[in-house]
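*Asks:* no FASTA, just this:
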(Lines give C-alpha, C1' and ligand atoms only; values in the text may rest on other atoms or scores of the structure.)
Protein backbone atom coordinates (compact mmCIF):
# COMPACT_ATOMS: atom_id res chain seq x y z
CA UNK A 1 0.00 0.00 0.00
CA UNK A 2 1.38 3.35 -1.06
CA UNK A 3 1.87 5.83 1.78
CA UNK A 4 3.09 9.41 1.84
CA UNK A 5 3.62 10.85 5.31
CA UNK A 6 4.38 14.53 5.75
CA UNK A 7 6.04 16.17 8.74
CA UNK A 8 7.54 19.50 9.73
CA UNK A 9 4.55 21.82 9.70
CA UNK A 10 3.67 24.22 12.48
CA UNK A 11 3.32 27.87 13.44
CA UNK A 12 5.95 30.21 12.01
CA UNK A 13 6.33 33.98 12.04
CA UNK A 14 6.22 35.90 8.81
CA UNK A 15 9.68 36.10 7.29
CA UNK A 16 10.70 32.85 8.89
CA UNK A 17 11.54 29.44 7.46
CA UNK A 18 10.35 25.88 7.80
CA UNK A 19 11.25 22.60 6.12
CA UNK A 20 8.65 20.00 5.29
CA UNK A 21 9.54 16.36 4.80
CA UNK A 22 7.64 13.56 3.10
CA UNK A 23 8.49 9.94 3.70
CA UNK A 24 7.25 7.60 0.98
CA UNK A 25 6.68 3.88 1.31
CA UNK A 26 4.98 1.03 -0.48
CA UNK A 27 6.05 2.05 -3.97
CA UNK A 28 9.03 2.77 -6.21
CA UNK A 29 9.19 6.48 -5.43
CA UNK A 30 12.83 6.73 -6.33
CA UNK A 31 11.63 6.21 -9.93
CA UNK A 32 8.85 8.77 -10.04
CA UNK A 33 8.41 12.51 -9.75
CA UNK A 34 7.26 13.89 -6.41
CA UNK A 35 5.87 17.21 -5.36
CA UNK A 36 3.79 19.41 -3.10
CA UNK A 37 0.34 20.93 -3.29
CA UNK A 38 -1.36 23.14 -0.72
CA UNK A 39 -4.86 24.15 0.26
CA UNK A 40 -5.60 27.38 2.09
CA UNK A 41 -8.85 27.88 4.03
CA UNK A 42 -11.74 28.45 1.66
CA UNK A 43 -9.62 27.90 -1.42
CA UNK A 44 -8.99 25.06 -3.84
CA UNK A 45 -5.88 22.94 -3.72
CA UNK A 46 -3.04 24.39 -5.75
CA UNK A 47 0.27 23.20 -7.10
CA UNK A 48 3.36 24.33 -5.21
CA UNK A 49 6.44 22.46 -6.45
CA UNK A 50 7.58 19.37 -8.31
CA UNK A 51 10.83 17.47 -8.76
CA UNK A 52 11.74 14.88 -11.38
CA UNK A 53 12.50 11.29 -10.50
CA UNK A 54 16.24 11.89 -10.87
CA UNK A 55 16.06 15.16 -8.98
CA UNK A 56 17.62 17.11 -11.85
CA UNK A 57 14.54 19.10 -12.82
CA UNK A 58 12.26 21.20 -10.64
CA UNK A 59 9.22 23.42 -11.11
CA UNK A 60 7.46 25.94 -8.90
CA UNK A 61 4.29 27.96 -8.72
CA UNK A 62 4.94 31.63 -9.43
CA UNK A 63 3.76 32.52 -5.93
CA UNK A 64 6.61 30.56 -4.30
CA UNK A 65 9.38 30.84 -6.88
CA UNK A 66 12.58 32.15 -5.33
CA UNK A 67 11.37 31.40 -1.80
CA UNK A 68 10.72 27.64 -1.76
CA UNK A 69 13.11 24.85 -2.75
CA UNK A 70 12.15 21.25 -3.39
CA UNK A 71 14.71 18.46 -3.09
CA UNK A 72 14.82 14.70 -2.64
CA UNK A 73 16.91 11.89 -1.25
CA UNK A 74 16.06 8.78 -3.23
CA UNK A 75 18.04 6.53 -0.93
CA UNK A 76 15.64 7.56 1.84
CA UNK A 77 12.47 7.77 -0.30
CA UNK A 78 12.10 11.28 1.04
CA UNK A 79 11.23 14.61 -0.54
CA UNK A 80 11.68 17.98 1.16
CA UNK A 81 10.24 21.45 0.77
CA UNK A 82 12.39 24.23 2.19
CA UNK A 83 10.20 27.29 2.69
CA UNK A 84 11.87 30.67 3.27
CA UNK A 85 10.65 34.24 3.55
CA UNK A 86 7.25 32.95 4.57
CA UNK A 87 4.17 35.13 4.19
CA UNK A 88 0.74 34.92 5.86
CA UNK A 89 -0.70 33.90 2.48
CA UNK A 90 1.45 30.75 2.62
CA UNK A 91 -0.79 29.50 5.41
CA UNK A 92 -2.28 26.22 4.23
CA UNK A 93 -2.33 22.47 4.57
CA UNK A 94 0.59 21.15 2.54
CA UNK A 95 0.24 17.80 0.79
CA UNK A 96 2.97 15.54 -0.52
CA UNK A 97 1.99 14.02 -3.86
CA UNK A 98 3.24 11.56 -6.44
CA UNK A 99 2.05 10.10 -9.74
CA UNK A 100 1.69 6.37 -10.31
CA UNK A 101 3.58 6.49 -13.60
CA UNK A 102 7.34 5.86 -13.38
CA UNK A 103 10.22 7.93 -14.77
CA UNK A 104 8.19 11.13 -14.72
CA UNK A 105 9.58 14.65 -14.82
CA UNK A 106 6.72 16.26 -12.91
CA UNK A 107 3.78 15.22 -10.76
CA UNK A 108 1.10 16.37 -13.23
CA UNK A 109 -2.24 15.18 -11.85
CA UNK A 110 -1.04 13.17 -8.84
CA UNK A 111 -2.39 9.73 -8.04
CA UNK A 112 -1.12 9.56 -4.47
CA UNK A 113 -1.63 12.10 -1.70
CA UNK A 114 -0.40 12.32 1.86
CA UNK A 115 -2.66 13.30 4.74
CA UNK A 116 -1.27 16.82 4.81
CA UNK A 117 0.56 18.96 7.33
CA UNK A 118 -0.62 22.35 8.54
CA UNK A 119 1.63 25.37 8.10
CA UNK A 120 0.43 28.58 9.72
CA UNK A 121 2.24 31.87 9.22
CA UNK A 122 1.59 34.59 11.75
CA UNK A 123 1.95 38.25 10.79
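*Replies:* Perfect, thanks for sending it. A quick note: this is a predicted structure, and the numbers were derived from the prediction, not measured. Numbers count the residues shown, from 1 in each chain.
*Asks:* all contacts plus neighbour counts: C-alpha atoms, from now on.
*Replies:* Will do.
*Asks:* Would you enumerate the residues in contact with the spatially most central residue of the chain?
*Replies:* What sits nearest the mean C-alpha location of the chain, by C-alpha atoms, centre = their mean, is residue 36, with 2.6 Å. Neighbour list for residue 36: 47-50, 81, 94-97 [criterion: C-alpha atoms under 8 Å, 6 or more residues apart in numbering].
*Asks:* host element of it?
*Replies:* Assigned by DSSP states H and E, residue 36 belongs to strand 34-39.
*Asks:* before we move on, back to that, in strands, which of the contacts of residue 36 fall?
*Replies:* The members of these that map onto strands under DSSP state E are 47-50, 81, 94-97.
*Asks:* before we move on, the earlier item: okay if I get the contacts of residue 36 as TSV plus distance to residue 2?
*Replies:* Formatted as TSV, the contacts of residue 36 follow (distance: C-alpha to C-alpha, whole Å):
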residue	distance to residue 2
47	21
48	21
49	20
50	19
81	20
94	18
95	15
96	12
97	11
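*Asks:* Tell me the confidence at residue 32?
*Replies:* Per-residue pLDDT puts residue 32 at 93.
*Asks:* number of nearby residues for it?
*Replies:* Neighbourhood size, residue 32 [other C-alpha atoms under 10 Å]: 23.
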